[in-house]
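Student: coords please:
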Amino acid sequence: MTRSPSRPNVVLVLADDMGFSDIGCYGGEISTPHLDRLAAHGVRMAQFYNTARCSPSRASLLTGLHPHQTGVGVLTYADLPDAYPGVLNDRCVTMAEVLGAAGYATWMAGKWHLTGSRAEPDAAWPTRRGFQRFFGTIDGAANYFNPTSLHRDETPVPESELPDDFYYTDAIADAALGFVTDHVTDHVTDHPDDRPFFLCTAFTAPHWPLHAPEGDVAAVAGRYDVGWDALREARHRRLVDEGILDPAWTPNERDPEVPAWTDVEHRAWEARRMEVYAAQVEAMDRGIGRIVAALEDAGELDDTIFLFLSDNGGCAEGQGAGYMDEVRDRIDSMRVRTRRGERIYRGNVPEVMPGPEGTYGSYGKAWANLSNTPFREYKHWVHEGGIATPLVVHWPAGIAETGVIRQQPFQLPDILATVLDATGVEYPGTYPGRDPLPPEGRSMLGAWREDRAPDEHTLYWEHEGNAAVRRGPWKLVRKYPGDWELYDIGADRTETHDRAGERPEIVAELARDYQAWADRCGVLPREQVIAVRDAHPSWIARQAAHR
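Tutor: Below is the predicted model of the structure:
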């Protein structure tokens with residue numbers, strides 16, 4: 001197939017709860033040869049940011065807005081009349097809607113998580129937000145061997161249709177490459193051969209639960225026996241050697257709540273947790289390799305903007321212990337029994353080795369601290385560990401210089417701006433039945449192609465009261481309900497030296513700008529959201545587990 005170079009395909013691949021330094025081309029020991037290959041022939045962004053949580057990141061990524069503007073300020077549950085609705089609203093349009101209106105075929109495989117209506121289609125389902133074909137889960141966290149809310153377009157996929165060896169990561173990749181091969185082989189008469197496509201592939205890997213086929217886990221056996229301390233040092237060294245980190249940035253010490261590896265009692269169990277996590281990432285990379293191969297076979301890879309990133313930093317969340325049919329904070333996406341009828345045990349206890357379908361655990365703060373090397377904090381927070389993501393860009397037809405690293409800071413709304421710049425598609429001023437807000441992002445094309453910095457570009461974040469603003473070398477950040485901290489991010493990206501006491505004038509200026517942004521974009525005071533939840537204790541107990 002031949003196509004005008006001004007109409008490239010767009011393939012957007014999103015990982016779930018994966019840290020900054022997990023994949024090989026960002027310093028990790030996890031084997032990701034397919035992503036590494038794309039990076040070697042593309043561009044790596046060293047200072048790209050998400051929004052610290054899954055649903056808000058998806059909303060921002062697909063709409064070019066900040067998540068609060070889209071209605072998804074926290075997650076996909078309605079925070080009642082006085083807080084966020086938790087569903088995509090009518091003030092935004094998605095990348096699929098914009099590209100689809102310009103003649104693109106639009107498909108999605110994987111996790112949606114942008115509506116609380118998990119069983120009945122509503123106006124925020126992917127099929128009603130611009131995606132012509134869909135295979136995946138409407139809900140958030142999924143059992144990898146038997147996910148709930150699995151749909152093909154708007155039709156539920158029954159458990160009886162799943163093969164015995166079903167694994168969700170593989171199924172997402174199957175669907176994605178199926179969309180590509182169908183597009184190539186089925187020349188529908190009312191679509192010319194040069195019709196480009198937009199494919200969004202949203203893996204749930206490596207979000208908990210720690211589920212992976214035993215053969216995949218066996219392939220990484222022993223890799224984590226050396227422990228998190230040695231691995232953090234090795235990752236930091238590789239990040240510096242790659243040119244992603246400035247050697248002048250002081251690496252953060254191990255999280256003070258994490259013990260030294262030499263003091264850990266159940267090392268085999270701890271190592272197994274990270275082995276399963278690594279197996280989840282390697283399965284995702286294997287799926288990405290299959291999608292890339294399909295693009296190559298179709299002669300489409302060079303004319304495709306291929307993007308890979310993560311929705312937030314490594315996740316330090318734990319899991320309440322107990323059998324699923326007994327735990328009180330279980331959410332709907334958690335199966336009670338395996339496909340064979342066995343009870344599923346939820347929790348992180350050394351007596352239960354994670355990986356099989358009958359378990360439901362997470363890898364914990366210590367390994368999340370490794371995933372976010374060399375940064376502070378985790379998913380939920382807007383210090384660098386919560387928001388820094390790898391961003392791999394591959395587009396041979398559009399980027400001449402390859403194998404390069406760019407240090408310019410950007411964030412999620414900039415993805416849509418860049419895609420529209422690259423494709424020549426205009427953002428709509430009006431949309432049927434809606435009044436769309438103007439997009440918030442800036443194009444990255446100049447940085448990708450010529451290492452050119454954008455015009456003054458202030459970045460903003462807020463999630464659960466955790467807030468930040470970055471302009472030039474300065475980043476103002478707070479961990480709710482604490483005070484503002486100030487960092488010279490150019491000299492100290494690892495946030496080790498708080499300058500707030502030394503530069504109160506910069507704190508005051510950035511705090512004013514943050515508040516003006518928050519007011520404009522509909523950021524609700526955290527106290528208001530908490531008050532709503534405190535008034536409904538039974539409701540809050542359910543939502544506390546819906547991560």
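Student: hmm, residue 274 is touching residue 225, no?
Tutor: No - counting by Cβ atoms under 8 Å, residue 274 stays clear of residue 225, with 9.9 Å between them. Just so you know, the C-beta spots here come from the backbone N, C-alpha and C atoms, and that holds for glycine as well.
Student: who has more neighbours, those two?
Tutor: residue 274 (26 against 14; other Cβ atoms under 10 Å).
Student: now for the residue nearest the centre of the chain: which residues touch it?
Tutor: Most central in the chain under Cα atoms, centre = their mean is residue 311, positioned 1.5 Å from the mean C-alpha point. Neighbouring residues of residue 311 by Cβ atoms under 8 Å, 6 or more residues apart in numbering: 14-17, 50, 53-54, 57-58, 61, 389.
Student: from the residues you listed, which land in strands?
Tutor: For the contacts of residue 311, the ones inside strands are 14-15, 389, with DSSP state E as the criterion.
Student: can you pick the most crowded of these?
Tutor: residue 15 (28 neighbours).
Student: distance check, the nearest residue to that residue once chain neighbours are set aside against residue 10.
Tutor: Closest residue in space to residue 15, ignoring its immediate chain neighbours: residue 310 at 4.3 Å, by Cβ to Cβ, 6 or more residues apart in numbering. The gap separating residue 310 from residue 10 is 18 Å, by Cβ to Cβ, to the nearest Å.
Student: and what of residue 225?
Tutor: From residue 225 to residue 10 the distance is 41 Å (Cβ to Cβ).
Student: same deal with residue 466?
Tutor: Counting by Cβ to Cβ, the gap from residue 466 to residue 10 is 31 Å.
Student: confidence score at the residue nearest to the centre of the chain?
Tutor: Looking at residue 311, its pLDDT stands at 98.
Student: so how many other residues sit close to the nearest residue to it once chain neighbours are set aside?
Tutor: Among residues not flanking residue 311 along the chain, residue 57 sits closest, at 4.0 Å (Cβ to Cβ, 6+ apart). Using other Cβ under 10 Å, residue 57 has 27 neighbouring residues.
Student: contacts only, for residue 57.
Tutor: By Cβ under 8 Å, 6+ apart, residue 57 lies in contact with 50-51, 67, 311-312, 412.
Student: about what we covered before: ramachandran angles for the residue nearest to the centre of the chain?
Tutor: Backbone torsions of residue 311, given as degrees, to the nearest 10, read phi -80, psi -20.
Student: assign residue 215 to helix, strand or coil.
Tutor: helix (DSSP: H, G, I helix; E, B strand; the rest coil).
Student: roughly how far does the residue nearest to residue 460 when sequence neighbours are not counted sit from residue 182?
Tutor: Leaving aside its sequence neighbours, residue 460 sits nearest to residue 517 (Cβ to Cβ, 6+ apart; 4.8 Å). Noted for residue 517: a distance of 43 Å to residue 182, by Cβ to Cβ.
Student: which of these two has more neighbours?
Tutor: Ranked by neighbour count (other Cβ under 10 Å), residue 517 and residue 182 place residue 517 first, with 20 against 13.
Student: tell me, how many residues neighbour residue 380?
Tutor: What residue 380 shows, counting by other Cβ under 10 Å, is a neighbour count of 19.
Student: report the helix or strand with the lowest average pLDDT across the chain.
Tutor: helix 537-543 (a mean of 46; mean pLDDT, DSSP states H and E).
Student: doesn't residue 281 make contact with residue 220?
Tutor: No - contact criterion Cβ under 8 Å: residue 220 and residue 281 do not qualify, at 9.6 Å.
Student: shared neighbours, these two?
Tutor: Common neighbours of residue 220 and residue 281 (criterion: Cβ under 8 Å, 6+ apart): residue 30.
Student: tell me which of those two has more neighbours.
Tutor: residue 281 (27 against 21).
Student: in three-state terms, how would the more buried one be classified?
Tutor: Strictly by three-state DSSP, residue 281 counts as helix.
Student: ok, it - contacts?
Tutor: 15, 18, 22-23, 30, 32, 205-206.
Student: for residue 288, see how far away it is.
Tutor: For residue 281, the distance to residue 288 - Cβ to Cβ - is 10 Å.
Student: now, among the contacts of residue 311, which is nearest to residue 421?
Tutor: residue 61 (16.0 Å; Cβ to Cβ).
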